[in-house]
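1. Got a sequence here, can you model it:
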Amino acid sequence: TLRSARGDSTRLQQILDWAGPDFDGVIAFDEAHEMGGVAGGEGALGKTEGSQQGICGVLLQNHLPLARVLYASATGASDVNNLAYAVRLGLWGPETSFADRTQFISQIRQGGIAAM
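-> Have a look, this model is predicted:
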């Protein structure tokens, strides 16, 4: 329901209002792989937009920077781009081996299945 809306009120905004800007509890994403399409990509019919579910999940993480995040999924990523929702894993950014998500994806792809 994270991507749902009624009128001008979205579920995301309801959660943000409830949590407040200083929320430092846990955000648990069960079936986290459902956010895998956040970055969009290439589909059978050409370029695809980012998924609304994934976008809302990333926005939730970005708007609640003090929250702890738990990603739970029994489904592995078949493409490294499908990990774009996992912004809190520390796979890219300052003090990591990859400056940003784009560099992370590019280098993991170059490493093939062994890198995944």
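
2. Can you pull up the most central residue in this structure?
-> Against the mean C-alpha coordinate of the chain, by Cα atoms, centre = their mean, the closest residue is residue 85 at 1.4 Å.

3. ok, that residue - contacts?
-> Residues counted as contacts of residue 85 (Cβ atoms under 8 Å, 6 or more residues apart in numbering) are 29, 32, 35, 36, 38, 54, 57, 58, 71. C-beta here means a position set from N, CA and C on the backbone, and glycine is covered the same way.

4. State the distance from the nearest residue to it once chain neighbours are set aside to residue 8.
-> Of all residues beyond its chain neighbours, the one nearest residue 85 is residue 35 (3.7 Å), with distances taken as Cβ to Cβ, 6 or more residues apart in numbering. According to Cβ to Cβ, to the nearest Å, residue 35 and residue 8 sit 24 Å apart.

5. between those two, which one's more packed in?
-> More crowded of residue 35 and residue 8, by other Cβ atoms under 10 Å: residue 35, with 28 against 6.

6. List the buried residues for the lengthiest helix in the chain?
-> Identified as the longest helix of the chain according to DSSP state H is helix 101-115. Residues of helix 101-115 classed as buried by neighbour count (16 or more other Cβ atoms under 10 Å): 101, 104, 105, 108.
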